[in-house]
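Novice: Okay, structure incoming, though there's no sequence with it:
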């Protein structure tokens, strides 16, 4: 009986990850009717990223870890970005813009017309963040991740494997990021060199919400989005990129722990 | 510095000083740009190597220097000064970069580690937004021209850039030997301990940032005057902030010669690969891979790596 329970729980925790994977994938299939066979490649990229970079860096002292992580990931990002941009410019399109030709029908509520693709994105975001939240709260691996964030030494003492866990986490995160990219182009066209500005934007949201505070990232993201739209409306679209930079700078300087505090997990 | 190292330094500077008449105009430009990179890298190392802060905003001072000079030279009142206009606008540019550094130091140095790095990275993007959108002053995305009579030839710019580079590296040498540098390294090792013996952290960090911003801004001024044209991607490109850390890390931060060797290696590779062989590879791909390899394989940099330390040339300098 106990053995069966163990199996069920083990299966559920594994299935939780699969569900997270499959959810995003099935959503892309059902909405865009594109079967992304590269889905797994993004997944593998996540794993390789952990193996090549995170594992090399984990053993280092504090300052070296910091310098190393910024530099190594910057390097990876720059080379991936320029390889994509260069390849696309050379072989596909000299003025690359990634956008989805798929126009989803607008949904009308009385006088209000809501863009269908925006609603799909919104639903996707809410569900993904909530499933990440549940993953971190309810599953064994998620609890392990929280333990790792709270107290790394204690995490080692109770015999958990940081390499394995960080590999799983990075894989999940990169996968979710890649899927978000696919959803992003439904609403906003993207060019190959938008990586760094988008990294800063996501960093703004993370800092605004407080590092590790997942549900608050929904609120923070919404706040930033509204702030940007309001800025383009009242000051002109050219100033919209400045909003996230200014917000990031202000939050870092005034309240680096974020609006909603830190350490919820 | 022992006599051998002193001789080597003097000989190197001497060779660089007599080189220009022998070089073709292309190579003169390559050397001039290398000096600009060396200035940025040496300045970056003031904060990373001696104060322990990763500053991803060094390019902001460069861009600010370039923009302020060019904007000044486009004002009729400044142009009326004739020959003095260059001096005045260069001085204003350098002083405004120093002021910018001093003002930004207060909020920036409330942060540490990753947060400091990200906050400094924002600086260059913020300046980009301003340069793009304040079109009346900066020309927006069309850029801004230096009036032709204020051009500085590459020949002259070479010598000025060499002088500024020597001052920058010399300043790092001074830091490695002086009480100011000792105070910086105290703060790097243990901030509370340093504070308790009377080294006010914010004051010393501000001094560090301001002193590191001045030569970078001077480099930006030289760049603008020599190029004759600047726009947000040329003067405020992100690589101005990102390549100096790469060069300094490759050479080894906190060592006086680390930035020099790092800059030299990257510039030689860049020149050979992209100007000489004309490889059809985007430069950022190459730099990204190098950056990643350096961070993963030689985290402490060449000058601290045991293999390099054993070389006799290194021993001449380190003793």
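Specialist: Everything's here; your move. Please read these numbers as outputs of a predicted model, since none were measured by experiment. Numbers count the residues shown, from 1 in each chain, chains lettered A, B, ... in the order given.
Novice: tally of neighbours for residue 167?
Specialist: Reading this off chain A. The number of residues packed near residue A:167 is 19, by other Cβ atoms under 10 Å in any protein chain shown. The C-beta positions use only the backbone N, C-alpha and C, and glycine is treated the same way.
Novice: My question was about chain B, not that one.
Specialist: Neighbour number of residue B:167 under other Cβ under 10 Å is 15.
Novice: next one: residue A:127
Specialist: The burial count for residue A:127: 14, using other Cβ under 10 Å.
Novice: do you know how far the residue lying closest to residue A:76 once chain neighbours are set aside is from residue B:89?
Specialist: Once flanking residues are discounted, residue A:76 sits nearest to residue B:292: 5.3 Å by Cβ to Cβ, 6 or more residues apart in numbering or on different chains. From residue B:292 across to residue B:89, the span is 40 Å (Cβ to Cβ, to the nearest Å).
Novice: which residues of the stretch 151-265 of chain A score low on pLDDT?
Specialist: Within the stretch 151-265 of chain A, the stretches with pLDDT under 70 are A:181-190, A:192, A:211-215, A:261-265.
Novice: Which positions in it make contact with chain B?
Specialist: Residues of the stretch 151-265 of chain A lying close to chain B by Cβ under 8 Å from any Cβ of the partner chain are A:196-197, A:200, A:203, A:207, A:238-239, A:241-242, A:245-246, A:248-249, A:252-253, A:256.
Novice: Please pick the buried ones from the residues you listed.
Specialist: Buried residues within those, counting neighbours by 16 or more other Cβ atoms under 10 Å in any protein chain shown: A:196, A:200, A:203, A:207, A:239, A:241-242, A:245-246, A:248-249, A:252-253, A:256.
Novice: For those, which two are the farthest from each other?
Specialist: Pairwise distances across these peak at 24.6 Å for A:239 and A:256 (criterion: Cβ to Cβ).
Novice: who's in contact with residue B:41?
Specialist: B:243, B:244, B:247, B:248, B:251, B:259, B:262, B:263 (Cβ atoms under 8 Å, 6 or more residues apart in numbering or on different chains).
Novice: right, I mislabeled it, should have said residue B:97
Specialist: Applying Cβ under 8 Å, 6+ apart, we find residue B:97 in contact with B:61, B:64, B:65, B:68, B:213, B:214, B:216, B:217, B:220.
Novice: The fourth one and residue B:93 touch, don't they?
Specialist: Yes: with contact defined as Cβ atoms under 8 Å, residue B:68 reaches residue B:93; the gap is 3.8 Å.
Novice: Restricted to helices, list the buried ones among the residues of the stretch 151-265 of chain A next to chain B.
Specialist: In helices, defined here by DSSP state H, the members of these are A:196, A:200, A:203, A:207, A:241, A:242, A:245, A:246, A:248, A:249, A:252, A:253.
Novice: in chain B, which helix or strand is least confident?
Specialist: helix B:312-318 (a mean of 60; mean pLDDT, DSSP states H and E).
Novice: Go ahead and confirm residue B:193 touches residue B:185.
Specialist: No: using Cβ under 8 Å as the test, residue B:193 is too far from residue B:185 to be in contact (11.8 Å).
Novice: rewinding a little: out of the residues of the stretch 151-265 of chain A next to chain B, who's nearest residue B:138?
Specialist: Relative to residue B:138, the closest of these is residue A:238; by Cβ to Cβ it sits at 12.7 Å.
Novice: For the closest one, give me its contacts.
Specialist: So residue A:238 contacts B:129, B:132, B:133 (Cβ under 8 Å, 6+ apart).
Novice: ok, how many other residues are close to the second one?
Specialist: To tie it back to what came earlier, the one meant is residue B:132. Residue B:132: 20 neighbours (other Cβ under 10 Å).
Novice: wait, what's in contact with it?
Specialist: A:238, B:138, B:140, B:141, B:232.
Novice: The first one now?
Specialist: Taking Cβ under 8 Å, 6+ apart as the contact definition, residue B:129 lies against A:238, A:239, A:241, A:242, A:245.
Novice: Show me where the chain has its strands.
Specialist: Using chain A here. Using DSSP state E, the strands of chain A run over A:107-109, A:112-114.
Novice: my question was about chain B
Specialist: Counting by DSSP E, the strands of chain B are B:144-145, B:229-230.
Novice: Sketch out the low-pLDDT regions of the stretch 1-150 of chain A for me.
Specialist: In the stretch 1-150 of chain A the weaker segments, taking pLDDT under 70 as the threshold, are A:1-52, A:55, A:58-59, A:61-63, A:89-119, A:122.
Novice: what does it put close to chain B?
Specialist: Counting by Cβ under 8 Å from any Cβ, the residues of the stretch 1-150 of chain A near chain B are A:52-53, A:56-57, A:60, A:63-64, A:66-72, A:74-83, A:85-86.
Novice: What pLDDT is listed against the residue nearest to residue B:138 when sequence neighbours are not counted?
Specialist: Take residue B:138 and drop its neighbours on the chain: the residue closest to it by Cβ to Cβ, 6+ apart is residue B:131, 4.7 Å away. Per-residue pLDDT puts residue B:131 at 88.
Novice: Also residue B:155?
Specialist: The predicted local confidence for residue B:155 is 90.
Novice: Contact partners for the nearest residue to it once chain neighbours are set aside?
Specialist: With Cβ to Cβ, 6+ apart as the criterion, residue B:155 has its nearest non-adjacent residue at 5.8 Å, and that residue is residue B:20. Residues in contact with residue B:20 (Cβ under 8 Å, 6+ apart) are B:28, B:31, B:155, B:158, B:159.
Novice: same question, residue B:235
Specialist: Neighbour list for residue B:235: B:62, B:63, B:66, B:67, B:131, B:220, B:223, B:224 [criterion: Cβ under 8 Å, 6+ apart].
Novice: Can you name the two of the residues you listed that sit furthest apart?
Specialist: B:131 and B:223 (14.7 Å).
Novice: thinking again about what came up before, considering the contacts of residue B:97, which possesses the most neighbours?
Specialist: residue B:61 (36 neighbours).
Novice: related to what we said a few turns ago, which of the contacts of residue B:41 tops the neighbour count?
Specialist: residue B:259 (36 neighbours).
Novice: re earlier: if you count surrounding residues, which of residue B:193 and residue B:185 has more?
Specialist: Each of residue B:193 and residue B:185 has its neighbours counted (other Cβ under 10 Å); residue B:185 has more, 17 against 11.
Novice: Can you pull up the residues of the stretch 101-250 of chain B that come close to chain A?
Specialist: B:107-108, B:110-111, B:113-115, B:117-119, B:121-122, B:125-126, B:129-130, B:132-133, B:238, B:242, B:245-246, B:249.
Novice: distance of the closest residue to residue A:217 other than its chain neighbours from chain B?
Specialist: Leaving aside its sequence neighbours, residue A:217 sits nearest to residue A:209 (Cβ to Cβ, 6+ apart; 4.3 Å). From residue A:209 across to chain B, the span is 15 Å (Cβ to the nearest Cβ, to the nearest Å).
Novice: what sits against residue A:209?
Specialist: If a contact means Cβ under 8 Å, 6+ apart, then residue A:209 has A:216, A:217, A:219, A:220, A:221, A:258, A:259, A:260 as its contacts.
Novice: returning to what we had before: and the contacts of residue A:238, which is closest to residue B:300?
Specialist: residue B:129 (36.1 Å).
Novice: circling back to that earlier point, go ahead and build a ChimeraX selection from the buried members of the contacts of residue A:209.
Specialist: To isolate the buried subset of the contacts of residue A:209 in ChimeraX, counting by 16+ other Cβ under 10 Å, use the following:
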select /A:216,217,220,221,258
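Novice: So which of the contacts of residue A:209 are in helices?
Specialist: Counting by DSSP H, the part of these found in helices is A:216, A:217, A:219, A:220, A:221.
Novice: what's the second one in contact with, if anything?
Specialist: So the one you mean is residue A:217. Neighbour list for residue A:217: A:129, A:205, A:206, A:209 [criterion: Cβ under 8 Å, 6+ apart].
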